[in-house]
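K.L.:
Fold the following and give me the result.
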Amino acid sequence: MGSYGMAMNVLQKKLMQVVLESLGLNAKYMHDDIKEGSQVMAVNCYPSCPEPDLALGMPTHTDYGTLTILNQSQQGLEIMDHDKKWHPVPFLRGALIVQLGDQLEVTSNGRYKSIPQRATLNVQRKRFSVASLHSMHLNKKVGPAQELVDEHHPVAYKEGSFGEFLDYISVKSLTEGKYIDMLKKI
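P.N.:
Below is the predicted model:
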């Protein structure tokens with residue numbers, strides 16, 4: 001693994017500790033699972049497009065893993081709010097964007113949500129993005145943390161694994177629905 005990948009792993013571990021502590025969980029709650037997890041680096045090039053309103057660089061989706069750390073060369077990432085309206089994520093040169101994934105939505109029993117996102121195209125310039133996607137081990141079943149389940153917060157998700165997610169998307173396109181919706185109990 002290169003130095004960029006190693007730096008992303010260190011950053012991911014620190015970010016996970018902060019997220020877990022913010023949920024009231026021990027910072028080492030999933031330490032071994034995270035350590036045995038996977039990291040995928042995705043480098044994307046979105047070409048300039050004469051009619052960007054007629055095309056997307058990446059359709060609407062959520063990231064399945066625990067979290068994604070994204071670096072981009074210019075604005076193009078958009079997120080969807082609760083009213084299903086799109087908002088551009090502000091671009092700050094050199095800044096990293098951290099997105100929580102479906103596995104953290106499940107672990108948090110819905111307290112944190114993975115946000116629908118898409119990549120748009122630009123009329124004049126191409127856009128590059130480098131995403132460091134972090135996930136639990138392929139066969140690790142992820143379910144709500146028991147500490148986050150009580151009479152006011154019943155279990156809201158079934159367990160699921162990254163391998164089951166990959167099986168799901170191998171037969172369904174990103175536009176046909178989200179794997180996390182299959183896990184929702186409520």
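K.L.:
What segments of the protein are helices?
P.N.:
3-22, 31-35, 102-107, 162-171, 179-183 (DSSP state H).
K.L.:
and the third one, what does it pack onto?
P.N.:
Same thing as helix 102-107. Counting contacts by 3 or more C-beta pairs under 8 Å, 6 or more residues apart in numbering; DSSP states H and E, helix 102-107 is packed against helix 179-183. In this view, the C-beta of every residue, glycine as well, is placed from N, C-alpha and C.
K.L.:
please redo it, this time with the cut-off set to 10 Å
P.N.:
helix 3-22, strand 127-135, helix 162-171, helix 179-183 (3 or more C-beta pairs under 10 Å, 6 or more residues apart in numbering; DSSP states H and E).
K.L.:
How far off centre is the shortest one?
P.N.:
When you say that, I think you mean helix 179-183. Counting by C-alpha atoms, centre = their mean, to the nearest Å, helix 179-183 is centred 14 Å from the centre of its parent chain.
K.L.:
Stretch 166-182 now?
P.N.:
14 Å.
K.L.:
follow-up on the earlier one: any chance of JSON lines for the helices and strands packed on helix 102-107, columns mean pLDDT and distance to residue 44?
P.N.:
Below are those laid out as JSON lines (pLDDT from 0 to 100; distance: least, C-beta to C-beta, whole Å):
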{"stretch": "helix 3-22", "mean pLDDT": "85", "distance to residue 44": "15"}
{"stretch": "strand 127-135", "mean pLDDT": "94", "distance to residue 44": "5"}
{"stretch": "helix 162-171", "mean pLDDT": "89", "distance to residue 44": "17"}
{"stretch": "helix 179-183", "mean pLDDT": "91", "distance to residue 44": "21"}
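K.L.:
For residue 154, find the nearest of these.
P.N.:
Among the helices and strands packed on helix 102-107, helix 179-183 comes nearest to residue 154, with 14.4 Å by C-beta to C-beta.
K.L.:
CA atoms of that closest one as CSV?
P.N.:
Written as CSV, here are the backbone C-alpha positions of helix 179-183 (Å, rounded to 0.1, in the frame of the first residue of the first chain):
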residue,chain,number,x,y,z
TYR,A,179,-29.1,-2.3,-0.5
ILE,A,180,-29.6,-0.5,2.9
ASP,A,181,-33.3,-0.3,2.2
MET,A,182,-33.4,-4.1,2.2
LEU,A,183,-31.9,-4.0,5.7
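K.L.:
Now do the buried residues in that helix.
P.N.:
179, 180, 183 (16 or more other C-beta atoms under 10 Å).
K.L.:
can you pull the contacts of the second one?
P.N.:
Contacts here follow C-beta atoms under 10 Å, 6 or more residues apart in numbering; on that basis residue 180 touches 62, 64, 101-103, 105-106, 113-114, 157, 160, 165, 168.
K.L.:
ditto for the last one
P.N.:
Applying C-beta under 10 Å, 6+ apart, we find residue 183 in contact with 102, 105-106, 142-144, 156-160, 164-165.
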